[in-house]
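Asks: sequence first, then the predicted structure:
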Protein chains: 2
Amino acid sequence: MRVIETVRELQSLADAERAAGRRIALVPTMGALHAGHVSLVDFARSRADRVWLSVFVNPTQFDEASDLARYPRTWASDLARCREARVDVVFAPSAAEMYPAGSQTWVEVAELTRGLCGASRPGHFRGVATVVSKLLAAAKPHVAVFGEKDFQQLAVIRRLARDLCFDVEIVGVPIVREADGLALSSRNANLDPEARRQAPCLARALEAAERAVAAGERRRTQLLELVANEIGKAPRAEIDYADLRDPDTLEAAGDPLAGPALLALAVRFRGRDGGSDVRLIDNRVLLPSPSSLRGSSTRRSGT
Amino acid sequence: MRVIETVRELQSLADAERAAGRRIALVPTMGALHAGHVSLVDFARSRADRVWLSVFVNPTQFDEASDLARYPRTWASDLARCREARVDVVFAPSAAEMYPAGSQTWVEVAELTRGLCGASRPGHFRGVATVVSKLLAAAKPHVAVFGEKDFQQLAVIRRLARDLCFDVEIVGVPIVREADGLALSSRNANLDPEARRQAPCLARALEAAERAVAAGERRRTQLLELVANEIGKAPRAEIDYADLRDPDTLEAAGDPLAGPALLALAVRFRGRDGGSDVRLIDNRVLLPSPSSLRGSSTRRSGT
């Protein structure tokens, strides 16, 4: 396994691999790797000859300085996990490598970034779109793999890759969950024990809505009330947003639901004793047709 | 010579050329090719095995609908010129190919686009930066060649290529001029005969400033007064802007001049009988040190 720290070196290797006819899959991460990332690596290997994983805690996508400061950094164990998962190249650039002096170019995706996390985290998706553009240009992958937990991020990245003519296939991989349903996330490490016990409320809320849809419920207000009720059972949890959207455009889903609808949820666990909040997101695509419900691929068993 | 209309086909060819070890030079144009473009092609050939020229009148970089409508389109003669100049591939996508339905991604370069043409043409550089990013991703060139007439555009493109990690060298080629000094531009074709006779005032203004600097003048106000005087001699001409800037950052040049300074000039020729205006730009890098003046490469003899 090779660790590369500069864009230039990565591009040279990309050229050599491509010239030799080998396919490259890129798995962009911010480190703090968990089983969810490993599932991305496994998927990537099924689609390419070489799996490259980037570890870069991108400062420009953090809307809160405290969130950036507290974002878990676990370099040694990340490297071990990459080795174990048979990653071929770990790209670990410095902030100065990705944002050299005088940097001033931003990639902005318009409509898709306006609601949901875009509304609660100003500038977040600009940072994501910019760094992902850089990583795609740096690694020149044939395919790039992202988790579906960050559903809006995935939609934004699909859009920018298409709009900016990047010669890459963007693939989403289903959420991996803990046994109690909590979606794997690097930020879970920041939950205190009590908040961790309450954190499965997100998954339970999504499940409640899914059951209601399976039982015939199609009304937006009723579905979101179910979500609010489930989150309400967790005393430390506060809904940041809960909404039903078209899974492709992220525009408001029809009311009543007439086709697949993304139920997207963000919940904030207030910090204790002056500690910072931890904000978690989760989502599920609700399928109003009973027959297709069983085929839903947005859920996977825990690891 | 091959004409290619889709991004996908261009990318396949780029991959094949790169895999075969051949270097690609891209010359992005909006068509209406003239001797200035031919000089870009000639330069490109000196730096690569294959010269690709794109012809795309990019709608998103026009801040005035009338300017877009009147932009000269000379496809048949463009093709003939490309053949003559031994271009290998002409990339001529449709607007729908470059901006497919749902397009919403923009590349924004911040500080560099704030003044000069960025101030008089809102949205212009966002359109330029976006389309050039797309063209670079579509053609995957080793080198991309642009004219120095659009000095600010060149600075913006250098910056975005670096910031977004594009694996390409951006090269500027000196301005080509008519015998009377007028910088070649596709928009010159829109000048009525009287405006055309007055249009060399831009070049004369730059020359006057250059002579003054050679004679020891370093004061901003005096240099810009010389420019205003020269433009004032052309009754149809109105200065849009005239300014002295740092050639790299495009920030205000020192006053008095202490090092190389970009003298950038935009002049509007008012339309007659309700016709549209024609706006021309020109520039020269002024070199306060007498010894280096002789080495200035920003001027070339006419064609």
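Replies: Everything's here; your move. Please read all numbers here as calculations on a predicted model, not as lab measurements. Residues are numbered from 1 along each chain as shown, chains lettered A, B, ... in the order given.

Asks: for chain A, what's the longest helix?
Replies: The single longest helix within chain A, with elements called by DSSP state H, is helix A:124-139.

Asks: name the helices or strands packed onto that helix?
Replies: In terms of contacts (3 or more Cβ pairs under 8 Å, 6 or more residues apart in numbering or on different chains; DSSP states H and E), helix A:124-139 is packed against helix A:7-19, strand A:24-29, strand A:50-55, strand A:89-91, strand A:105-109, helix A:117-120, strand A:143-147, helix A:151-163. The C-beta positions use only the backbone N, C-alpha and C, and glycine is treated the same way.

Asks: weakest of the ones you listed in terms of mean pLDDT?
Replies: For the helices and strands packed on helix A:124-139, mean pLDDT drops lowest on helix A:117-120, to a mean of 94.

Asks: so what's the residue count around residue A:289?
Replies: Residue A:289 has 10 neighbouring residues, counting by other Cβ atoms under 10 Å in any protein chain shown.

Asks: between the stretch of helix or strand residue A:83 belongs to and strand A:24-29, how many degrees?
Replies: Element membership of residue A:83 [criterion: DSSP states H and E] is helix A:75-84. Computed with axes from the mean of the first three to the mean of the last three Cα atoms, to 10 degrees, the direction of helix A:75-84 lies at 150 degrees from that of strand A:24-29.

Asks: can I get helix A:75-84 in PDB, CA atoms only?
Replies: The C-alpha coordinates for helix A:75-84 follow below in PDB (Å, rounded to 0.1, in the frame of the first residue of the first chain):
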ATOM      1  CA  TRP A  75      -4.600   8.300  11.200                       C
ATOM      2  CA  ALA A  76      -2.800   5.300  12.500                       C
ATOM      3  CA  SER A  77      -6.000   3.200  12.700                       C
ATOM      4  CA  ASP A  78      -7.100   4.500   9.300                       C
ATOM      5  CA  LEU A  79      -3.900   3.200   7.800                       C
ATOM      6  CA  ALA A  80      -4.400  -0.100   9.400                       C
ATOM      7  CA  ARG A  81      -7.900  -0.400   8.200                       C
ATOM      8  CA  CYS A  82      -6.900   0.500   4.700                       C
ATOM      9  CA  ARG A  83      -4.200  -2.100   4.700                       C
ATOM     10  CA  GLU A  84      -6.700  -4.700   6.000                       C
END
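
Asks: angle of that helix against strand A:50-55?
Replies: Using the same axes, to 10 degrees: helix A:75-84 against strand A:50-55 is 170 degrees.

Asks: what does helix A:75-84 rub up against?
Replies: For helix A:75-84, contacts defined as Cβ atoms under 8 Å, 6 or more residues apart in numbering or on different chains pick out A:1, A:3, A:31-33, A:37-38, A:41, A:53, A:55, A:90, A:92.

Asks: now with 6 Å, please.
Replies: Helix A:75-84 has contacts (Cβ atoms under 6 Å, 6 or more residues apart in numbering or on different chains) with A:1, A:31, A:33, A:53, A:55, A:90.

Asks: can you tell me which of the residues you listed lies closest to residue B:119?
Replies: residue A:55 (40.7 Å; Cβ to Cβ).

Asks: and that closest one, what are its bridge partners?
Replies: With DSSP bridges applied, residue A:55 shows beta-bridge pairing to residue A:29.

Asks: got the contact list for it?
Replies: Counting by Cβ under 6 Å, 6+ apart, residue A:55 touches A:29, A:31, A:78, A:92.
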